[in-house]
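>>> Got a sequence here, can you build the structure:
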Amino acid sequence: MVADLAALLDPVSTRRLIVKVGSALLVEGGAPRVEWLASLIADLAEVRAKGSEVIIVSSGAIALGAARLGLPRGGRASLADAQAAASVGQVVLAQLWAGALERHDITAAQMLVTLSDLEDRRRYLNASATLERLIAAGAVPVVNENDSVATEEIRFGDNDRLAARVAQAANASGVLLLSDVAGLYDRDPADPDARLIERVEGVTPDILAMAGDSSGSGLGSGGMRAKLQAAQIAERAGVTLGIIDGRGDHPLGRLLKTGVGTVFLPVRQETARKAWLGGRLAPQGALCVDAGCAAALAGGASLLAAGLTDVKGDFQRGALVSVHGPDGERLGQGLVEYSAQECRAIQGKREGEQEAQLGYAPRAAVIHRDHMVQ
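You can find the predicted model right below:
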C-alpha cells in the first residue's frame, strides 16, 4: 500500500507507476522543452533502475502540431484544427520521447487510444495485454489519446483521466500527475490564503468543490477538476494518485527531497470488472428512479422496473447508463438489461405486468447489482 507521495517512487510499494506529463510542461512557445524533458527522463531512468516499471502518459501532440501548421489558438479553434494538429504532432511527440529515452538505452513504444478503446470491455482487455507485453519486453509505453480521430462527443478530453484508466488497464500501483501547480489547494491557488491539501482519503463532494475547471496554461484541456475525477477512477482500483509541480528540472528527484504535493489514497478496492465499470466515462442514456428504489440501490439491491420513473436517451441492451434519484442526484451507473424502448414499456410495472409489454418473460432486473457501481 502506497502511504505517501515519495512512496510512489519506491519499487517496494509501487511496482508499476504511471507518470502523466501535461502540455504546459512539455511545450513552450510551440517548441518542446528539450532540456526539461532530458531531466525528467534521467529521473525516470533512475526509477526504473531501482526496480519500478514505468508507463508514460504524455500530452503535447496538439500543441506541437499546431505550431508546425501555424494554427490559431494552439490548434484548439475547432475540432478539425485539433485533429489536424494532433496528426502532425503525434509524429513529433513520438520522436521526442523515443530520442530522449534512447539516450538512456530505453526503448519507447507509442500507444494511441480512444475513449472507446477503454470503454469496450474486449478492447480494454486487449489494451491491457499490449501494455503487459511491452513492459515484459523492457519497453516504456508512451500513451496518448488519439486526438486525430477522437470526436468532441467520444473522447477523454484530458490525459489526467486517461492516466487513471491506463493505471487500471495496466494493473499499476500508482499514478503521478506532473502539473503546473503543486497539488490541490483548498481554494484558488492565486489566493494568498490558499492552503495546499497534502493528503486526501477519498474524493468527496467537499473535495470536488475545491477544484476549478480550466487549465491554467491554456495549452491543455484539463484542470484540477479533471485531476480529481482521475483520482476517483484510480481509487476504485485501489490505485494511489499523486499531483506534484513538474515545472522545474528533475521533478521526480525534487519530490524525493521535498515530498511536496497532494496524495490521494484509495479508500476502497473493487473487483477488476467493477473498477473498469466505475471508470467508464460515456453513459449512453439515463434511468431515473423513485425514492424507494434509490434507497434499495443504496443497500446494494438490483434496479427493478417497478422503481423506474423515466428513461432518457436511445440505447440498446448492454449499454452503460447512469442512474439518478428523484431529485436528479446521480446514484451510479451500470449495464442495462433492456433497450431504451423496452425500459419505457415496463417502467413502473411489477414483474407480473411486464411480460405483456415485452412479449417474453422479463429478466431478473433492469440493472443487476453485479453490473452496477455507485
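
>>> Following element in sequence after the host helix or strand of R273, please.
Assessed by DSSP states H and E, R273 sits inside helix 272-279. Note on helix 272-279: by DSSP H and E, the next helix or strand toward the C-terminus is strand 285-289.

>>> I'd assumed H324 was in contact with R330.
Yes. Between R330 and H324 there is a contact under Cβ atoms under 8 Å: 5.7 Å. The C-beta positions use only the backbone N, C-alpha and C, and glycine is treated the same way.

>>> for G334, helix, strand, or coil?
Put simply, G334 is strand when judged by DSSP: H, G, I helix; E, B strand; the rest coil.

>>> list the contacts for the residue nearest to it when sequence neighbours are not counted?
Leaving aside its sequence neighbours, G334 sits nearest to M372 (Cβ to Cβ, 6 or more residues apart in numbering; 3.2 Å). Contacts for M372 (Cβ atoms under 8 Å, 6 or more residues apart in numbering) come out as 277, 297, 302-303, 323, 332-335.

>>> Looking at stretch 199-216 now, give me its mean pLDDT.
Here stretch 199-216 scores 77 as its mean pLDDT.

>>> Alpha carbons of that stretch, as CSV, please.
What follows is stretch 199-216, C-alpha atoms only, in CSV (Å, rounded to 0.1, in the frame of the first residue of the first chain):
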residue,chain,number,x,y,z
ARG,A,199,-3.4,14.1,1.8
VAL,A,200,-6.9,13.1,0.7
GLU,A,201,-8.6,9.9,1.7
GLY,A,202,-11.5,9.5,-0.7
VAL,A,203,-12.7,12.2,-3.1
THR,A,204,-15.9,13.6,-1.6
PRO,A,205,-18.2,16.4,-2.8
ASP,A,206,-16.4,18.8,-0.5
ILE,A,207,-13.1,17.9,-2.1
LEU,A,208,-14.6,18.3,-5.6
ALA,A,209,-15.8,21.8,-4.6
MET,A,210,-12.2,23.0,-4.2
ALA,A,211,-11.4,22.4,-7.9
GLY,A,212,-11.6,24.7,-10.9
ASP,A,213,-12.4,23.5,-14.4
SER,A,214,-9.8,25.2,-16.6
SER,A,215,-6.2,24.5,-17.5
GLY,A,216,-4.1,27.3,-16.1
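
>>> Any chance you could list what contacts it?
By Cβ under 8 Å, 6+ apart, stretch 199-216 touches 4, 22, 24, 180-181, 184-188, 197, 221-225, 227-228, 231-232, 235, 262-267.

>>> Apply 6 Å and report the result again.
Identification of contacts with stretch 199-216 by Cβ atoms under 6 Å, 6 or more residues apart in numbering yields 180, 186, 222-225, 228, 231-232, 263-265, 267.
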